[in-house]
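Participant: the amino acid sequence is not available; the structure is as follows:
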Ligand SMILES: Nc1ncnc2c1ncn2[C@@H]1O[C@H](COP(=O)(O)OP(=O)(O)O)[C@@H](O)[C@H]1O
């Protein structure tokens, strides 16, 4: 092996990579030897909470994910549902909490970029963005800066890419003082016969890299996203990624143009842990091996090491497997859009991820050991007992009480936020922010999609089970209130440190409640994301399982909107 | 006293603006530009007359507002 | 050769970014800032070695792309 | 009526513009890529909104120097009715076809909402179906719509009826609340608000439709 890997693996290094002693032993077992530094880096990201879902996987398996209209449930880049007429809606929600706390503008912006890629990777044109935001108390010295940076970042990215940001939710609570939540959701539309998946196939087929060049951005971002914060973490990790929405816009157009041909066998965006996780996941799903020649990776900086290339989180990149012989045609499309295109490897039958660099092998790992055989934990949990309802004395002055409520941070107008988002671009937004669910027409058809994100974290704290149920039900109500038929949900499960049984209990409780509501409403979960360790110095956030629901409306002219229409109209109250 | 502040991206941080300028120049037929980077240039008029004090104050302004030290470097000149 | 370009707003052109900095600094309790102006700072790496030629080329780049002379001035340093 | 929509890398209202033109004129416009040097003869050219080249350096700066713009400028100056909306307006000022410049909004925030506009002149192919004195509602969505020109230029624009639209109330800090300007010959219009987003009640209103109708009626 070359000297680029000439780093002695010490216990400290293993620890710095977020791996436990047991996990390190497991790596040695899988390899039958000590890993080199590149391999250590790769195991550390693949086995991080963020990529491996090691604390949550056993529980996620219990969620209801099926219905006749579900075309693809959890496991792919995003979930897919049938919306009739041969069309599909593809959507997912994802967190970008930790990066947004460190650098609110870029953190939020790259969060939007990442979720957009998850959706157009599958062949969909993104048609709507949503976001669910939680900040600390308004008087906290950091809150103002974080709110304005996050909102500007979401707008900066979404507006530039030209996908309308049509809604979301925003809450303030002291539990988020040191751990804000930035959850972004994208909904896209595709033809059912043009949906793309990530399973690689065909020994000898070319593995192709497209998009931006690779730099040293966000190396260790994925492990960072799973490590609990300490006060000095802002100092320690200066490497946040900078997004380039302009390149993303070009990437969307180029990918959709290539997808209109029959050249693509498999495609996957490079998200957290970049090249590593995308290639490993594609190989794992297809049951094949990958051999990558790192010399061919387009590089933005000089002298990048294999470790850096494998772990870089540079944005706006995709990995594809093409049918043999289609490289030149594909390359022409990407060049037209002024994007990089490089064949960086091929599919093998070894079941291994093999990396070469300057003529030498610099990494050789069984794919299974990185994915299927990654550690999974059944963490102990205590579902906390239902908290007592507080008794609040009836206000003496009802007018004042109403004013206090609607003037409070959690109920006041969000106009300041959504006016910074282009919520009309694409010309199909027929229910703008400010109502219950947002409604966007399916371009060129009478149909529309209704979309809503909801959760009430204090309910989840008071009673995880009921809180989880309520969040699902609220999206359902918001969608039905517009005239839409709710079809499926995505989610972003934001919790504290899962190694604490009480937090794990909140997680399990919320999940059970969500599942129960989904079954009762015939409203399956088709995609989602888990963000754990949202905790600073031992104090965790309120349990926040954000739900994003999507429904369909056959005739968008029948839409119902929130505003009272005319004086003299009757007002009815229905429900219990 | 006047402070002239340059805020530039740290090494290795993606600079989409610089990249786009480079690209546009080459499209316009300007050859020979191997790299372009874009930063900010800020001038402040200060009513402080003591240079040491001014320097300290401007440094704090840079750290707290003008530069984003996660991704940017800054430099200060006083005159 | 390296070109360092400063692009600043012309006198009389209102500078929203500068105003915002001034405002934010005063909100943050930094007194004594009488004015703030924000411009751009651009660095180009040139493979030209002749200073006169480089100067002429960069000047043309500024006039044609880098500055909008309706609202901006520019200055060039070469090294 | 034959139209063309110019598409730059990063344009994102190109489809919206094409849809609006087709809905009003009945004919699909030609979509022209920025690297082209020439395109079929058309009666109307539209430069759409978006973030061409990411709005890097200055909005519209790089697009204004693209290959296709040489041809667009030539035709516009020769009299072809030409409309630039939002980023398209920025491109037209950067190309020197319209006076002034568009700067960062005074409050530095992106702004997306319906705004009320006054129609300042009906003496143009774009505005002849409107009525001076009856305000219209059209959405804006921009970060850099703060119109600037020196006061002599502003006086001249106002004096010669080259101001097409003004904001009823301040939106972005624009000088004299100018939202749209015409060239001297009044065949070129640049405006920050998006008429193509207001062409049917389902989208919130139809006040933008009249602009395209005016052009259609002038050209036939
Ligand atoms: N971060 C955000 N981004 C976009 N829209 C938002 C955001 N936060 C709130 N909104 C919009 O503001 C309106 C009110 O929000 P909220 O009070 O959370 O609604 P509700 O309680 O009815 O779910 C909704 O239309 C919502 O989409």
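Facilitator: Sure, I can see it. Please read all numbers here as calculations on a predicted model, not as lab measurements. Numbers count the residues shown, from 1 in each chain, chains lettered A, B, ... in the order given.
Participant: give me the helices and strands touching the helix or strand where residue D:18 lies, please.
Facilitator: In the assignment (DSSP states H and E), residue D:18 maps to helix D:14-25. For helix D:14-25, the packing partners by 3 or more Cβ pairs under 8 Å, 6 or more residues apart in numbering or on different chains; DSSP states H and E come out as strand D:3-7, strand D:44-47, helix D:209-219. Using the backbone N, CA and C atoms, a C-beta is placed for each residue, glycine as well.
Participant: let's see it at 7 Å
Facilitator: strand D:3-7, helix D:209-219 (3 or more Cβ pairs under 7 Å, 6 or more residues apart in numbering or on different chains; DSSP states H and E).
Participant: next helix or strand past the longest strand seen in chain D?
Facilitator: Longest among the strand segments of chain D by residue count, using DSSP state E, is strand D:111-119. Sequence-wise, the next helix or strand downstream of strand D:111-119 (DSSP H and E) is strand D:136-142.
Participant: can you give me the neighbour number for residue B:69?
Facilitator: Using other Cβ atoms under 10 Å in any protein chain shown, residue B:69 has 17 neighbouring residues.
Participant: just residue D:192 next, same as before
Facilitator: Using other Cβ under 10 Å, residue D:192 is surrounded by 33 other residues.
Participant: my understanding was that it contacts residue D:89; is that so?
Facilitator: Yes. Counting by Cβ atoms under 7 Å, residue D:89 is a contact partner of residue D:192 at 5.9 Å.
Participant: mind listing the shared neighbours of those two?
Facilitator: Shared contacts of residue D:192 and residue D:89, defined by Cβ atoms under 7 Å, 6 or more residues apart in numbering or on different chains, are absent.
Participant: quick check, pLDDT for residue 46.
Facilitator: Defaulting to chain A. You'll see residue A:46 listed with a pLDDT of 94.
Participant: was after chain D, sorry
Facilitator: 98.
Participant: and residue A:230, by the same measure?
Facilitator: For residue A:230, pLDDT reads 52.
Participant: same thing with residue A:303?
Facilitator: Looking at residue A:303, its pLDDT reads 87.
Participant: next: the one 10 residues further on.
Facilitator: Note on residue A:313: pLDDT of 90.
Participant: residue ranges with poor pLDDT in the chain?
Facilitator: No chain in the question, so chain A it is. Within chain A, the ranges that satisfy pLDDT under 70 run A:1-4, A:220-239.
Participant: the intended chain is chain B.
Facilitator: Ranges of chain B meeting pLDDT under 70: none found.
Participant: which parts of the stretch 51-200 of chain A are strands?
Facilitator: For the stretch 51-200 of chain A, the strands defined by DSSP state E, counting those that start in this stretch cover A:70-72, A:79-84, A:87-95, A:125-135, A:165-172, A:181-191.
Participant: how about stretch A:546-558 and the ligand, any contact?
Facilitator: No. On the criterion Cβ under 6 Å from any ligand atom, stretch A:546-558 is out of touch with the ligand, staying 11.0 Å away.
Participant: coming back round to it: the ligand is nearest to which of the strands of the stretch 51-200 of chain A?
Facilitator: strand A:165-172 (2.9 Å; Cβ to the nearest ligand atom).
Participant: quick one: contacts of the closest one?
Facilitator: Applying Cβ under 7 Å, 6+ apart, the external contacts of strand A:165-172 come out as A:128-138, A:154-155, A:158, A:409-410, A:414, A:417, A:421-423, A:429, A:432-433, A:438, A:440, A:451-454, A:457.
Participant: near chain D too, which of those?
Facilitator: Contacts with chain D within the contacts of strand A:165-172, as defined by Cβ under 7 Å from any Cβ of the partner chain: A:155, A:421, A:422, A:423.
Participant: who does the nearest residue to residue B:55 once chain neighbours are set aside bridge with?
Facilitator: Take residue B:55 and drop its neighbours on the chain: the residue closest to it by Cβ to Cβ, 6 or more residues apart in numbering or on different chains is residue B:78, 6.1 Å away. On the basis of DSSP bridges, residue B:78 is bridged to residue B:3.
Participant: kind regards, and thank you for your time.
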